[in-house]
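K.L.:
sharing a sequence plus its predicted fold:
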Amino acid sequence: MTKQTHTLAGETVKERKKQTPPRPSSSVVLLSPENQVLLLHRVKTSSAFPSAHVFPGGNLSVFHDGEVPSPSDAKIHEDSLSYRLGAIRETFEESGILLAREGDIDGKPLSIPTVDRDQARQAIYRNKVRFVEWLASVGGVADTENLLPFTRWITPLAQPRRFTTQMYLYMLPLSTIDDTAISAARSEAIIPTPDGGAEITAARFDDASTWLEKQRNGEIVLFPPQCFLLHLLSQFMVGPPADSPSPSELVEHYRSQRERLRGFLNTVPTATEPRALKHPTAQIPWGEKTISPTTLGIRQSDKRAILGLDKPGPELNGSDKGGDWERVVLVRFSKGVATEVEVRGREEVLDEERRLERLSKETKL
């Protein structure tokens, strides 16, 4: 037996000790009845994603969500009931929107009076009552079955705070919902939060394309994972039709968008470009992709970093996990804040860099 035992990921124990193990967390890409996306605005002093607009979510809690595998177990990077409960609980704590059903999973959406809802958010946030026990006490169950896995993101090694974050997609019912928390988010309300506004200041539903446009204009901050997922959604969630449809036609319009998105999540290959089609990650559906951004280089033209999205992270090196080879994210980081984030085709971006490099050499000659 050697002194350095190899792990499943192909790394030695000595190497693994140098790494900061990622904390398990989960997040929800929440769609309104009009297929708009919910984002929360984090304060500039936030412990994670300062000043950014983010999807609701946070760290898993053993008290509320149950045990997860140890950091050395590759299963910590897989979808599970704990990740799903954490996603629903965090969404409730941060936005007041409760993804739960009456009685059982086949029941109608659970409705809770505003006063009772806010009291429960306080009690759950302060660990005075377990989330699932509170749900049972009001006749509800967490709607874990309708959470659709939508990529996992593992923070790169260079970062001091690392997370393994399971992203989910959840579609609120298409019928009109009389829910104060949802109504508030439709108008960007300043939401009361259990932490007194220490992390989140406001919540709002808006079209994926509108969020991306605001980021391009410098009106909001989006970090690469949020920008990337909004980019994917913007292909399907394109707002209402141009004409004036009847209520039933409008519902059918949004239902059709959702069906196309569901098909996208489960269809392979996930790439279209010839070289990308040959890469193994093209055979991993979006619901199972694991992404740990890696820096491929710095752009000569504007000095933005080029982030590759195909690697699954150091803990999963040598596994069959992977992300997206076809696309990259361009980003500039300054004082911990991401700016000028853009999703582009990998081959297109790298070809631009090669052309600039050739031009630079020819100029020197």
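P.N.:
Yep, it's here.
K.L.:
got any ranges where the chain has weak pLDDT?
P.N.:
Applying pLDDT under 70 to the chain flags the ranges 1-18, 44-50, 176-178, 180-181, 183-200, 364-365.
K.L.:
and with 80 instead?
P.N.:
Applying pLDDT under 80 to the chain picks out residues 1-19, 43-50, 175-201, 244, 360-365.
K.L.:
buried residues in the longest strand belonging to it?
P.N.:
The strand that spans the most residues within the chain, counting by DSSP state E, is strand 324-334. Residues 324-332 are the ones in strand 324-334 that count as buried (16 or more other C-beta atoms under 10 Å). All C-beta atoms are positioned from the backbone trio N, CA, C, and that covers glycine.
K.L.:
run through who's touching that strand.
P.N.:
224, 227-228, 270-273, 276, 279, 281-282, 289, 291, 293, 296, 299, 302-310, 338-346, 349 (C-beta atoms under 8 Å, 6 or more residues apart in numbering).
K.L.:
quick one on the thing from earlier: nearest to His53, of the buried residues of strand 324-334?
P.N.:
Val331 (15.1 Å; C-beta to C-beta).
K.L.:
those strands in the stretch 1-150 of the chain, which residues are they?
P.N.:
23-31, 37-42, 53-54, 57-59, 100-102, 140-142, 148-154 (DSSP state E, counting those that start in this stretch).
K.L.:
ok, Tyr83 - contacts?
P.N.:
24, 26, 60, 65, 68, 166.
K.L.:
could you pull up the residues touching the fifth one?
P.N.:
Neighbouring residues of Val68 by C-beta under 8 Å, 6+ apart: 24, 60, 62, 76, 80, 82-83.
K.L.:
ok, now how distant is it from Thr164?
P.N.:
9 Å (C-beta to C-beta, to the nearest Å).
K.L.:
quick check: neighbours shared by those two?
P.N.:
With C-beta under 8 Å, 6+ apart, Val68 and Thr164 have common neighbours 24, 76.
K.L.:
nearest spatial neighbour of Ser32, skipping sequence neighbours?
P.N.:
Phe205 (4.4 Å; C-beta to C-beta, 6 or more residues apart in numbering).
K.L.:
that neighbour: neighbour count?
P.N.:
Neighbours of Phe205 under the rule other C-beta atoms under 10 Å: 23.
K.L.:
may I ask which helix or strand encompasses Ala202?
P.N.:
strand 200-206 (DSSP states H and E).
K.L.:
from the chain's centre, how far out does that strand sit?
P.N.:
15 Å (C-alpha atoms, centre = their mean, to the nearest Å).
K.L.:
could you do stretch 350-365 as well?
P.N.:
36 Å.
K.L.:
contact partners of that stretch?
P.N.:
296-297, 299-301, 306.
K.L.:
CA atoms only for it, dumped as PDB, please.
P.N.:
Extracted in PDB, the C-alpha atoms of stretch 350-365 (Å, rounded to 0.1, in the frame of the first residue of the first chain):
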ATOM      1  CA  LEU A 350     -11.400  31.100 -30.100                       C
ATOM      2  CA  ASP A 351     -11.200  31.700 -33.800                       C
ATOM      3  CA  GLU A 352     -11.300  35.500 -33.100                       C
ATOM      4  CA  GLU A 353      -8.400  35.100 -30.700                       C
ATOM      5  CA  ARG A 354      -6.400  33.100 -33.200                       C
ATOM      6  CA  ARG A 355      -7.000  35.700 -35.900                       C
ATOM      7  CA  LEU A 356      -5.900  38.500 -33.600                       C
ATOM      8  CA  GLU A 357      -2.800  36.500 -32.600                       C
ATOM      9  CA  ARG A 358      -1.800  36.000 -36.300                       C
ATOM     10  CA  LEU A 359      -2.400  39.700 -37.000                       C
ATOM     11  CA  SER A 360      -0.300  40.700 -34.100                       C
ATOM     12  CA  LYS A 361       2.600  38.500 -35.300                       C
ATOM     13  CA  GLU A 362       2.300  39.800 -38.900                       C
ATOM     14  CA  THR A 363       2.400  43.400 -37.600                       C
ATOM     15  CA  LYS A 364       5.600  42.700 -35.600                       C
ATOM     16  CA  LEU A 365       7.200  41.300 -38.700                       C
END
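K.L.:
in that stretch, what counts as buried?
P.N.:
Buried-residue list, stretch 350-365, by 16+ other C-beta under 10 Å: 350, 353.
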